[in-house]
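> model this:
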Amino acid sequence: MNDLYRTFLALGFLGIILCGLDLMISWGVNIIILALLLTIFLLLGLKVSLLRLKISLWFIGICVLTIITYVVLDYTIDIEIGIVGFITLILLAIGVNASVKTKGFSFALFVFSAVLISLYWPQPFVSIGGFEMSLLIVPLLQLIMFGMGTSMSIRDFYGVLKMPKGVLVGVICQFTIMPFVGLGLAIIGEFPPEIAAGIVLIGSSPSGLASNVMAYLAKANVALSVTLTAVATLLAPLMTPLLMEHLAGEFIPIDFWSMMISIIKIVILPIILGLVFNHFFHGRISWFEKAMPIVSMGGIAVVITVITASGRDNLITLGFLLIIAAVFHNLLGYFFGYWGCRIFRMPERDCRTIAFEVGMQNGGLASGIALEMGKVATVGLAPAIFGPWMNISGSALASWWREKQTNKNHESPH
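Numbers count the residues shown, from 1 in each chain. Below is the predicted model:
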């Protein structure tokens, strides 16, 4: 199976080269796809197996359909780099599964491929047959939060009593570092008001399940991570509107009570239903428990894609600056979260845990709030960019920490 993944990875790197060439030399889509097909045959034809033959035929079919679509629909915009880029990201998303150290990047690469298509062909992700795709965002987020609830239990909140110092420090870092770093980046970057408010919004949101996964991969304190996520999520209906009112109020008007109700509707109620479901049906519906993580990842991908399509024009104009802001926002969250805990002389594993909790935010919730505000195409852009990036950086940091043994000298009893 690893040979198959490596083949996808090799094809993905080929796609990167082709995209680079297409940016420098305006080749036609047919020439690029022909080169891709020839390379597939060179890579797969030497050791022909039934599986590899099927893969070759599958890619040939996609490429032929792409050419037919391109010719029949008579596109007036230059989309060939988008098509090759999309195929490249899909190949890389599959190929990184060849190694345990890189497979954590797979989901983020799939999301980036969907985002790329929505940038080059936004209309299907904006509306289909008069149906506004943005109407799917809140129901999908509620489904994701319900899934989060099914993976939690009341016992997760007992950590407040077992690890009071870790929870207190973690919550303080969560709702101070990221909001103020976001405000600083928004001011320094001189972003338009609604875009700036979106940067503050992602910083004012609680952490999500992704931080729990990264804590596990990094051999950090998973129990503390789960407890912090649960507590921060419960505090979100109060803290997020409060922070937005005081920090983002200078950019756009903030309705405190309306935002609180939106958060309760999008997050708290679905999580409560998930907790109830988990209490009564845990272990009884195995297929459901296995399916929910996949459904949640798919839902997140759809939400990000719809937001990207809705805010395409703003993203093309400000995309590079927003990406830089998202990278700094995320990395500074890790940095200050980790060293803030070191100042309080907390155990190394707890410092790593809180770094993930601070640096990784619930981008889905921020996107839902932006939609409820009626500003998904502007306020919702920063969360849409932050989400995929934090999965890449979080996976990289978790892999690095996993290989690096915790320093015993930093450990201290709770």
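> Where does the prediction get shaky in the stretch 301-414 of the chain?
405-414 (pLDDT under 70).
> Beyond the helix or strand hosting T353, next helix or strand please.
Assigned by DSSP states H and E, T353 belongs to helix 348-359. Scanning forward in sequence from helix 348-359 by DSSP H and E, the next helix or strand is helix 363-372.
> So which elements touch the helix holding T353?
Here helix 348-359 touches helix 164-174, helix 177-188, helix 209-217, helix 222-243, helix 312-343, helix 381-403, going by 3 or more C-beta pairs under 8 Å, 6 or more residues apart in numbering; DSSP states H and E. In this view, the C-beta of every residue, glycine as well, is placed from N, C-alpha and C.
> For L109, which of those helices is the nearest?
With C-beta to C-beta as the measure, helix 381-403 is the member of the helices and strands packed on helix 348-359 nearest L109 (8.3 Å).
> Any idea how many residues pack against the nearest residue to A325 once chain neighbours are set aside?
Closest residue to A325 apart from its sequence neighbours, by C-beta to C-beta, 6 or more residues apart in numbering: L185 at 4.8 Å. By other C-beta atoms under 10 Å, the residues close to L185 number 23.
> repeat for S127
Using other C-beta under 10 Å, S127 has 14 neighbouring residues.
> show me the contacts for the closest residue in space to it that isn't next to it in sequence.
What sits nearest to S127 in space, not counting adjacent residues and going by C-beta to C-beta, 6+ apart, is M133, at 6.1 Å. Neighbouring residues of M133 by C-beta atoms under 8 Å, 6 or more residues apart in numbering: P124, F125, V126, S127, V306, A309.
> and which of those is nearest to A210?
Distances from A210 to these, taken by C-beta to C-beta, are shortest for V306, at 19.5 Å.
> Can you verify my assumption that G182 contacts V200?
Yes. Using C-beta atoms under 8 Å, G182 is in contact with V200, at 4.6 Å.
> what is in contact with these two at once?
Common neighbours of G182 and V200 (C-beta under 8 Å, 6+ apart) are L247.
> Which positions in stretch 244-259 come out as buried?
Applying a neighbour-count criterion of 16 or more other C-beta atoms under 10 Å, one finds M244, L247, A248, F251, I252, I254, M259 buried in stretch 244-259.
> And the furthest pair within those residues?
The largest separation in these, counting by C-beta to C-beta, is between F251 and M259 at 14.3 Å.
> Show me how this structure divides into domains.
Listed by automatic domain parsing, the domain ranges of the chain are 2-99, 133-410.
> Let's have those domains in CSV, adding distance to F112.
Putting the domains of the chain into CSV (distance: least, C-beta to C-beta, whole Å) gives the following:
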stretch, distance to F112
domain 2-99, 5
domain 133-410, 6
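> Lowest average pLDDT across those domains?
Ranked by mean pLDDT, the domains of the chain end with domain 2-99 at the bottom, a mean of 54.
> Which of the contacts of M133 are buried? Put it as a PyMOL command.
Applying 16+ other C-beta under 10 Å to those leaves a buried subset, and the PyMOL line that selects it is:
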select buried, resi 125+306+309
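> which one among the contacts of M133 gets closest to I354?
V306 (32.1 Å).
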